[in-house]
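Novice: Structure for this input, please:
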Amino acid sequence: MSNPGFVVQLFKDGQKVALRVAKRCTVLWWALGLASSMFANNAKISPDLQVLLANPSSSVNVIVQFSSSPLNCSTTVLSGALPCTVVNLLGGTVHEVFSIVNAVAGSMLAGNVIALSNQPNVSYISPDRSVAASLDYTTAGVEAPPAGSSWWDGTGVGVAVIDSGIYGHPDLLSTRSGKSRVIYRQSFIGGIQQDDFGHGTHVAGILAGTGATSNVPGSRHILRGIAPNANLLDLRVLDQNGDSNDSAVIAAIQTAINLKSEYNVRVINLSLGRPIYETSSLDPLCKAVAAAWNSGIVVVIAAGNLGRNGYSTILSPGNSPSAITVGAMKTMETYTRNDDLIASYSSKGPTYIDMTVKPDIVAPGNLVVSLLAPGSTLAAAYPQNVIGPSYYSSATTGTPEYMLLSGTSMATPVVSGTAALMLQKDPTLSPDTIKARIMKTAGKTFPVSSVATDPTTGDTYVSYYDTFTVGAGYLNVAAVLADYEVTWLSSASPSSYYNPLSQQGHFVLPLTSNWLWSTEWSPDAVWGTTELPNGSTEIWNASYAWSGSPTWGTSIAWGTTGPSNTSSPSGTSIAWGTSGQGEP
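Specialist: Model prediction:
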């Protein structure tokens, strides 16, 4: 195939999300006295927010977390209404209440942030940060059952696609009823079309497209998704430029949790991310992901496309220990998986600050052909990536229905679709069992290294097939559907530790971990001897992985100034290192 793929990256300054529903029932009080003169507890203020406080008169959008629920309402709350609340933002405005993380999103004067941090019920304040979006070869690459060969197609399982929207594509109609399988739509950012950006539609096709449009007599490529009869919830958070912010994503996650029973929401797909600024235990995005996971919903997240910058390049909320974080493989445009290689741009672990072992799994994400959203930003910006009927049939003309994109954003719905198949087969499965099975059954056979060349710059990049690059291995759908083992403890990704004396890395296994207490779920069994050649808890001693950085990736992944230097709106090709193209 000659068309280059577009690696989706969203490190742009997102527009302010106009979520004002809570405003009408919110009571805001002006703080009197000498609060502004009190000493600040800087541990409660994120580092990237502290640098915004130099201009006290400027307005900042913040997410304020509380040590206990900020909700306090004595009036009766009608069904479906947001609860009343008394929140002291020192004259600011509350935009949204997030009960799942004991937090509110709002705007306030920068000069009042320090005083706010001194309120005893306030536990952490961070900016409302910008968030951005990060098939036949694909399904063959992960050993997915071909059409008609299996009962498992995702029927009855609801998957929340938190993205840029989902266009009403014919491949998203039910083959049984002819009705749309997008059973719920809600936008947290407004918009004109169902998908102004075009990213969410592409993701939805990889996850649940039927391939109906491409299934014509003599078709060379039937572009069918992993779970072609799953139901989709379109929770739109990315605007026409692929921009968003933390509060919109958290609101969408909260909505998915609230709709779980009504629509059998069992999976959330998050093909988006932003840089890491604090430990996952404080990051509001990661806390929302943990809340969804604890509610019984599998959360699958893109690792990010910063792998060419080195190790410790996983994005948030992909650093969430509970979630399944996905890196990208290249199918090499062949149906066999034996020649598949890692995409050099796929972000690597361990995670910045927490040193969590990520990604958890890798799946096809390079040069993926999936559904097109007509009139979208991506279709207009990359017309060479729009795929016409000649790709799958003998027709030389016709309306294009598909598009070519690349990135870990495209690998993520492959895993989300797999989770939907597993849940259709056995609805009793817990998120921890699903994650453990996916990781343990993954393929463990890889080369020692591979070299990729950027098609635009000619620069070459060497990838090593270690735990921090390929996780527990290459997704194998057939193997995971044949597995029946169950976990009873946590499948949270372990953290890691590097011993500079022995020059070896080690897993750090918490007492609640499946990986610690059972030989069938031991690190050696789950990650395999290829990625763990030195033993069951030793990672490996290669100097290229640890790089001698005392701060675990700050000088490698983010540069000497820390993660904030990757957030330039115009830095897409620099940050992703791919010049907007996939790899051949």
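Novice: where does the stretch 301-450 of the chain dip in pLDDT?
Specialist: Filtered on pLDDT under 70, the stretch 301-450 of the chain yields no residues whatsoever.
Novice: Helices of that one, start to end?
Specialist: Ranges of helices in the stretch 301-450 of the chain, per DSSP state H, counting those that start in this stretch, are 377-381, 408-425, 431-440.
Novice: all helices for the stretch 151-300 of the chain, in order.
Specialist: 199-208, 246-258, 260-263, 284-294.
Novice: For the third one, list the C-alpha coordinates in CSV.
Specialist: Just to be clear, that refers to helix 260-263. Output of helix 260-263 as CSV, limited to C-alpha atoms (Å, rounded to 0.1, in the frame of the first residue of the first chain):
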residue,chain,number,x,y,z
LYS,A,260,-23.7,0.8,33.0
SER,A,261,-26.9,-1.0,34.0
GLU,A,262,-29.2,0.6,31.4
TYR,A,263,-26.9,-0.2,28.4
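Novice: Name the residues that touch that helix?
Specialist: Gly158, Ile183, Tyr184, Asn231, Leu233, Arg266, Ser295, Gly296, Ile297 (C-beta atoms under 8 Å, 6 or more residues apart in numbering). Bear in mind the C-beta positions are built from the backbone N, C-alpha and C, glycine included.
Novice: In CSV, list the helices of the stretch 301-450 of the chain along with mean neighbour count and distance to Ile276.
Specialist: Output for the helices of the stretch 301-450 of the chain, formatted as CSV (neighbours: other C-beta atoms under 10 Å; distance: least, C-beta to C-beta, whole Å):
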stretch, mean neighbour count, distance to Ile276
helix 377-381, 17, 26
helix 408-425, 30, 15
helix 431-440, 25, 21
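Novice: Dump these into CSV; add distance to Gly307 as well.
Specialist: Below are those laid out as CSV (distance: least, C-beta to C-beta, whole Å):
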stretch, distance to Gly307
helix 377-381, 22
helix 408-425, 9
helix 431-440, 20
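Novice: surely Glu278 meets Ile353?
Specialist: Yes. Glu278 is within contact range of Ile353, at 6.7 Å (criterion: C-beta atoms under 8 Å).
Novice: Tell me which of those two has more neighbours.
Specialist: More crowded of Glu278 and Ile353, by other C-beta atoms under 10 Å: Ile353, with 21 against 18.
Novice: Now do the same contact list for that one.
Specialist: Ile276, Glu278, Thr279, Asn319, Trp552.
Novice: Most widely separated two among the residues you listed?
Specialist: The largest separation in these, counting by C-beta to C-beta, is between Glu278 and Trp552 at 14.1 Å.
Novice: Pro127 is nearest to which of the helices of the stretch 151-300 of the chain?
Specialist: helix 246-258 (7.9 Å).
Novice: Most neighbours of all the contacts of Ile353, which one?
Specialist: Asn319 (31 neighbours).
Novice: list the contacts for it?
Specialist: Shown in contact with Asn319 (C-beta under 8 Å, 6+ apart): Ile276, Ser280, Asp283, Cys286, Thr325, Thr351, Tyr352, Ile353, Asp354, Thr356, Lys358.
Novice: Ramachandran angles for it?
Specialist: phi -80, psi 0 (degrees, to the nearest 10).
Novice: What separation is there between the closest residue to it other than its chain neighbours and Ser393?
Specialist: Of all residues beyond its chain neighbours, the one nearest Asn319 is Thr351 (4.0 Å), with distances taken as C-beta to C-beta, 6 or more residues apart in numbering. Thr351 sits 44 Å away from Ser393, going by C-beta to C-beta, to the nearest Å.
Novice: Need the residues that contact stretch 514-530.
Specialist: 432, 436, 439-440, 444-446, 465, 467, 471-473, 485, 487-491, 494, 507, 509-510, 532, 535-537.
Novice: can we see that at 7 Å?
Specialist: Where contact means C-beta atoms under 7 Å, 6 or more residues apart in numbering, the residues beyond stretch 514-530 that reach it are 436, 439-440, 444-446, 467, 472-473, 485, 487, 489-491, 494, 507, 509, 532, 536-537.
Novice: which ones are touching the residue nearest to the spatial centre of the chain?
Specialist: Centroid check for the chain by C-alpha atoms, centre = their mean gives Ile301 as the closest residue, at 2.6 Å. Ile301 sits next to Leu270, Pro317, Gly318, Ser320, Ala323, Thr325, Val326, Thr412 when contact means C-beta under 7 Å, 6+ apart.
Novice: Near the second one, how many residues? Count them for me, please.
Specialist: Look at Pro317: counted by other C-beta under 10 Å, it has 30 neighbours.
Novice: Need the nearest residue in space to it, chain neighbours excluded.
Specialist: Leu285 (4.2 Å).
Novice: Contacts only, for the one you found.
Specialist: Asp246, Val249, Ile250, Ser316, Pro317 are the contacts of Leu285 under C-beta under 7 Å, 6+ apart.
Novice: Kindly reformat these as CSV containing distance to Val526.
Specialist: Output for the contacts of Leu285, formatted as CSV (distance: C-beta to C-beta, whole Å):
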residue, distance to Val526
Asp246, 31
Val249, 29
Ile250, 30
Ser316, 24
Pro317, 22
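Novice: In those residues, find the pair that's most separated.
Specialist: Pairwise distances across the contacts of Leu285 peak at 12.1 Å for Ile250 and Ser316 (criterion: C-beta to C-beta).
Novice: For Ser490, which non-adjacent residue is closest in space?
Specialist: Nearest to Ser490 is Thr512, by C-beta to C-beta, 6+ apart, at 4.6 Å.
Novice: and what of Ser117?
Specialist: Lys44 (4.3 Å).
Novice: swap in Leu272?
Specialist: Nearest to Leu272 is Ala133, by C-beta to C-beta, 6+ apart, at 5.0 Å.
Novice: Touching, the one you found and Ser271? I think so.
Specialist: Yes. With contact defined as C-beta atoms under 7 Å, Ala133 reaches Ser271; the gap is 6.0 Å.
Novice: number of nearby residues for Gln186?
Specialist: By other C-beta under 10 Å, neighbour count at Gln186 equals 15.
Novice: residues touching it, list them.
Specialist: Leu235, Arg236, Thr255.
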